[in-house]
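K.L.:
after the sequence you'll find the predicted model.
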Amino acid sequence: MATPLTLLSRNPTFHAHHHPRLHKHFTSRPSFSPLNFAKMAASEISEQVAAGKDLSLKKKIFVAGATGSTGKRIVEQLLAKGFSVKAGVRDLDKAKTTLSSSNPSLQIVKADVTEGSDKLAQAIGDDSEAVVCATGFRPGWDLLAPWKVDNFGTVNLVEACRKRNVNRFVLISSILVNGAAMGQLLNPAYIFLNVFGLTLVAKLQAEKYIRKSGINYTIIRPGGLRNDPPTGNVVMEPEDTLSEGSISRDQVAEVAVEALVYPEASYKVVEIVSRPDAPKRSYHDLFSSIRQR
Ligand SMILES: NC(=O)c1ccc[n+]([C@@H]2O[C@H](COP(=O)([O-])OP(=O)(O)OC[C@H]3O[C@@H](n4cnc5c(N)ncnc54)[C@H](OP(=O)(O)O)[C@@H]3O)[C@@H](O)[C@H]2O)c1
């Protein structure tokens with residue numbers, strides 16, 4: 001189903017327009033600690049690198065909203081990179097058709113983010129190292145859906161992480177969430193999206209909660225989402241910078257996965273669009289260029 005921002009990404013006013021790393025930045029599990037890493041013999045490390053093995057790749061990532069257009073791409077890309085995935089979905093039957101359920105590294109579990117943090121903690125289990133949230137309310141008759149899903153649902157997920165000692169959280173948010181503070185109150189995209197139950201305001205509230213929670217977060221704010229393959233390179237900017245532009249969902253998924261790989265993505269808010277004329281930059285470069293605030 002087309003979401004408001006998909007519609008906007010088709011609107012000209014909205015369009016202005018691996019390599020693996022050795023040590024990863026999950027801090028909740030001893031196996032990831034720099035200490036353990038330091039204990040590894042140099043030969044052991046170089047052998048693994050030479051063999052093309054990423055030391056993070058056996059980790060299990062919980063993806064909320066895994067049957068969504070971006071969520072399913074995140075699942076696919078995580079699996080392709082060697083992660084194990086626990087796909088949190090509302091509808092198990094839908095998941096069987098949307099996701100490649102025959103992959104032994106993929107586990108599908110029921111997870112409705114509006115049902116509270118206890119149920120979500122059960123779904124996340126004790127074997128997930130990080131949570132990626134790719135949920136977004138589905139337009140319908142429930143006018144409170146954006147608040148229930150994009151604000152409280154995400155807050156519930158963070159609370160569930162606390163209960164499970166999961167200390168890594170990647171959120172797919174949106175550019176313009178802080179449009180009011182950016183002086184973008186009259187931006188058609190800002191107005192349009194907030195007509196749908198204050199969607200951007202709901203997302204901003206969730207972002208604030210995450211940032212205060214102490215969890216190691218990366219908040220990814222994409223421009224208008226497109227289903228077509230990438231046509232340009234990723235442009236990454238600090239928070240409250242971009243007010244227009246669009247990006248392929250494939251690239252958004254890639255940024256979410258790379259955020260789990262690069263420690264430079266920790267505790268950061270990144271805004272992303274793609275532009276054909278932008279130079280191709282490594283994810284190390286892109287994440288490093290954004291300052292923590
Ligand atoms: N569309 C745009 O142009 C645009 C631009 C910037 C940012 N964004 C944001 O980017 C994110 C991904 O967008 P998208 O268009 O790829 O998403 P999407 O296809 O609309 O998928 C949304 C996902 O959220 C799930 N969901 C909805 N309510 C839920 C609940 N109560 N509990 C658990 N899951 C729930 C849906 O489950 P079902 O599959 O069961 O329905 C679906 O998997 C969203 O947060 C969106 O707001 C979108």
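P.N.:
Right, received. Where do you want to start? Numbering: from 1, shown residues only.
K.L.:
Phe192: how many residues sit nearby?
P.N.:
18 (other C-beta atoms under 10 Å). Quick note: C-beta positions are derived from backbone N, CA and C, even for glycine.
K.L.:
any idea which element it lies in?
P.N.:
In this assignment (DSSP states H and E), Phe192 forms part of helix 188-195.
K.L.:
the next helix or strand after that helix packs against which elements?
P.N.:
Using DSSP H and E, the helix or strand that follows helix 188-195 in sequence is helix 199-213. In terms of contacts (3 or more C-beta pairs under 8 Å, 6 or more residues apart in numbering; DSSP states H and E), helix 199-213 is packed against helix 154-163, strand 168-172, helix 188-195, strand 216-222.
K.L.:
what's the spacing between helix 199-213 and its chain's center?
P.N.:
14 Å (C-alpha atoms, centre = their mean, to the nearest Å).
K.L.:
swap in stretch 119-139?
P.N.:
On C-alpha atoms, centre = their mean, the centre of stretch 119-139 falls 11 Å from that of its chain.
K.L.:
output that stretch as CSV, nothing but the C-alphas.
P.N.:
Taking Å, rounded to 0.1, in the frame of the first residue of the first chain, the C-alpha atoms of stretch 119-139 are listed here in CSV:
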residue,chain,number,x,y,z
LYS,A,119,5.0,-9.6,24.6
LEU,A,120,7.7,-7.9,22.5
ALA,A,121,10.4,-8.9,25.0
GLN,A,122,9.2,-12.5,24.6
ALA,A,123,9.4,-12.2,20.8
ILE,A,124,12.9,-10.7,20.9
GLY,A,125,13.9,-13.5,23.2
ASP,A,126,17.3,-13.9,24.8
ASP,A,127,19.3,-14.5,21.7
SER,A,128,18.8,-11.2,19.8
GLU,A,129,21.8,-8.8,19.8
ALA,A,130,20.1,-5.8,18.2
VAL,A,131,16.7,-4.6,17.1
VAL,A,132,15.9,-2.9,13.8
CYS,A,133,12.5,-1.1,13.8
ALA,A,134,11.0,-0.7,10.3
THR,A,135,7.4,-0.4,11.4
GLY,A,136,5.1,2.3,10.1
PHE,A,137,1.3,2.6,10.7
ARG,A,138,-0.9,1.3,7.9
PRO,A,139,-3.5,3.9,6.8
